[in-house]
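1. Structural data only, the sequence is not supplied:
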């Protein structure tokens, strides 16, 4: 472990040169946590999980970290959604948007000629909680077409009343990004610059755009592992960072609260109910086994152990653990994301309890 430790110190020094606020404070892990972290690293190797980085923070300090790959800005996939929701929160706090704003009013130019009556009732709140009324996610089918993505969202079949059925929907997050851009005149990556990136000490990142020049919102953000940790600490502390209120505290509470029931991407809430009626003991859908059925906030997932997370495909996590005053962040390229988080619960989590 000595070689690993020295390489991490060197990496931290390089990061300090690049970050205007310097690196996050480092602390000394307890012998119990050190042993648990070594056990976790070995379990990752034994499981052949393709991890890229992991960082464990408690009481505001980085206690353990390891990088399997160079510490470059990493694709966040759907962790991007949490940052988009944060931009929405700022716009609401500034009186530019409200949760009850209807998308047909925000984007009248994109409403299809044969619009569903259900569409007229979809609000920003429904987008934030993945409850737009769609029965399937329209994201992929819309992205591969040369079309107005907002119109693509609105044209997709609405099978449920908005607010009654959870269905993971990345294109809905794109509409959130578009809404902020429309009322502020800025792409959310620019809008967040003085409001979030600078206060957290994050160099302004790259964020992919749609053909219309709108940040994709639900995906496409690239940031460093330590940037993820900074956001995690801010959320853990009710929107404060280094003693300054950065994100409105009430918005952080709403983002991280259990707003609606949740199910994993690829199915909707009603489909899962039908599956469970026939097969009530499927492990993936049992709350004691799954971190995808613990509830959903505003573009954040609830987890077991009273934790909450930003979650991106292939294993990008910002896990906020208020009961332990801790944050764990990861980057990876894995298929089984439940296996990845299970390794954290099995090895690292027990050493954080009660400290």
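-> Nice, thanks for sending it over. Nothing here was measured: the structure is a model prediction, and the numbers come from that model. Numbering: from 1, shown residues only.
2. start to end distance for stretch 151-162?
-> End-to-end distance for stretch 151-162, by Cα to Cα, to the nearest Å: 17 Å.
3. cool, stretch 281-297 as well?
-> Taking Cα to Cα as the criterion, the two ends of stretch 281-297 lie 26 Å apart.
4. Going by neighbour count, list what's buried in that stretch.
-> Neighbour-count burial for stretch 281-297, counted by 16 or more other Cβ atoms under 10 Å, picks out 285, 290, 291, 292, 293, 294, 295, 296, 297. Bear in mind the C-beta positions are built from the backbone N, C-alpha and C, glycine included.
5. closest to residue 163 among these?
-> Nearest to residue 163, judged by Cβ to Cβ, of the buried residues of stretch 281-297 is residue 296 at 12.7 Å.
6. Make TSV from the buried residues of stretch 281-297 and add secondary structure and pLDDT to it.
-> Formatted as TSV, those follow (DSSP: H, G, I helix; E, B strand; the rest coil; pLDDT from 0 to 100):
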residue	secondary structure	pLDDT
285	helix	87
290	coil	95
291	coil	97
292	coil	96
293	coil	96
294	coil	97
295	coil	98
296	strand	98
297	coil	98
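7. where's residue 201 relative to residue 66, distance?
-> 22 Å (Cβ to Cβ, to the nearest Å).
8. One more: residue 196?
-> From residue 196 to residue 66 the distance is 27 Å (Cβ to Cβ).
9. try residue 324
-> According to Cβ to Cβ, residue 324 and residue 66 sit 19 Å apart.
10. repeat for residue 131
-> Using Cβ to Cβ, residue 131 is found at 38 Å from residue 66.
11. Between residue 201 and residue 66, which is the more surrounded one?
-> Set side by side, residue 201 and residue 66 show more neighbours around residue 66, with 20 against 17, by other Cβ atoms under 10 Å.
12. Touching, the more buried one and residue 41? I think so.
-> Yes: Residue 66 is within contact range of residue 41, at 6.0 Å (criterion: Cβ atoms under 8 Å).
13. Against which helices or strands is the host helix or strand of residue 183 packed?
-> Secondary structure from DSSP states H and E places residue 183 in helix 170-184. If contacts are counted by 3 or more Cβ pairs under 8 Å, 6 or more residues apart in numbering; DSSP states H and E, helix 170-184 sits against helix 80-93, helix 103-106, helix 124-128, helix 139-143, helix 149-155, helix 188-192.
14. Tell me which other helices or strands the fourth one touches.
-> The reference is to helix 139-143. helix 149-155, helix 170-184.
15. As JSON lines, those helices with distance to residue 279, mean neighbour count and mean pLDDT would be great.
-> Formatted as JSON lines, those follow (distance: least, Cβ to Cβ, whole Å; neighbours: other Cβ atoms under 10 Å; pLDDT from 0 to 100):
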{"stretch": "helix 149-155", "distance to residue 279": "32", "mean neighbour count": "21", "mean pLDDT": "96"}
{"stretch": "helix 170-184", "distance to residue 279": "28", "mean neighbour count": "24", "mean pLDDT": "98"}
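16. Would you mind telling me which of the ones you listed is nearest residue 80?
-> Closest approach to residue 80 among the helices and strands packed on helix 139-143 is made by helix 170-184 (7.7 Å; Cβ to Cβ).
17. can you give me the offset of the closest one from its chain's centre?
-> Relative to its parent chain, helix 170-184 has a centroid offset of 16 Å by Cα atoms, centre = their mean, to the nearest Å.
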